[in-house]
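Q: okay, here's the prediction I keep looking at, along with the sequence it came from:
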Amino acid sequence: MNSSIYNNIILPLAQSWNQDDILDVIEEFLIVIKPEAFPAIYDWVSYPITLVIKGIYDTERQRIKNNELPCPLRLEMLASFERLLCYCHTGNTAVFATSLMNGLGLSRGALKDGFPVLLDTFEHPSILVSKAHGFKIDPKRWPLKNGFPAIASKKAQILTYSDTHFLVSHIHASLNRG
């Protein structure tokens, strides 16, 4: 399919723009990429996202190795970045968990500018410093939904385990308040 788009649309358009006055104007902005490049392009543009995913994953694995509990906010951040990666490959906005990802800036940035933005969520001033210190998230900066921390993993928990598994945290929270 990519080959037919290139051969039947892009190539004829580029050839029809062969008039000097038109070509001079658009030449600076036109880049024709062969279809074989597309899988690699998605990997290239989503590389910062995959770096954050790997960094958070490695941090949580180390915590588990040290017999520490995983950080729920970091796991939700990881789920958000995984959804963002899905968006990079599919272009489908249905993958966004908007109650969390809008609050983090991830989905709004991707939709508005084509590149995700991460609002000030970590305890440290930059993502590089945060990575070096284990991606420590400031809970006061975490987006809320109905007074509770917003999440991105609800669907994954329900599909992987069950609705009861997901609701256990809600039941546990109401019992502790009671």
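A: Perfect, thanks for sending it.
Q: and the residue nearest to residue 142 when sequence neighbours are not counted, how many neighbours?
A: Once flanking residues are discounted, residue 142 sits nearest to residue 149: 5.3 Å by C-beta to C-beta, 6 or more residues apart in numbering. The way it works is simple: take the backbone N, C-alpha and C, and place the C-beta from them, glycine included. By other C-beta atoms under 10 Å, the residues close to residue 149 number 14.
Q: what pairs with residue 149 across the strands?
A: Residue 149 forms beta bridges with residue 144, as assigned by DSSP bridges.
Q: OK, contacts around it?
A: Residue 149 makes contact with 72, 73, 76, 139, 142, 143, according to C-beta atoms under 8 Å, 6 or more residues apart in numbering.
Q: from those residues, pick the one nearest residue 29.
A: Within the contacts of residue 149, the smallest distance to residue 29 is 37.4 Å, found for residue 143 (C-beta to C-beta).
Q: and for the closest one, the neighbour number?
A: 17.
Q: touching, residue 118 and residue 103? I think so.
A: No: Residue 118 lies out of contact with residue 103 (C-beta atoms under 8 Å); the separation is 10.9 Å.
Q: of those two, who's got more company?
A: Neighbour comparison, residue 118 and residue 103: the larger count goes to residue 103, with 21 against 18 (by other C-beta under 10 Å).
Q: and the more buried one, what helix or strand is that in?
A: helix 98-104 (DSSP states H and E).
Q: what element comes up after that helix heading to the C-terminus?
A: From helix 98-104, the next helix or strand downstream (DSSP H and E) is helix 106-113.
Q: list the buried ones in that following helix?
A: Neighbour counts over helix 106-113 (16 or more other C-beta atoms under 10 Å) mark 106, 107, 108, 109, 110 as buried.
Q: sorry, back to before: closest to residue 159 out of the contacts of residue 149?
A: Nearest member of the contacts of residue 149 to residue 159, counting by C-beta to C-beta, is residue 76, at 16.2 Å.
Q: what sits against that closest one?
A: Counting by C-beta under 8 Å, 6+ apart, residue 76 has contacts 100, 149, 150, 151, 152, 153.
Q: switch the cut-off to 10 Å
A: Contact analysis of residue 76 by C-beta atoms under 10 Å, 6 or more residues apart in numbering lists 97, 100, 104, 137, 142, 143, 149, 150, 151, 152, 153, 154.
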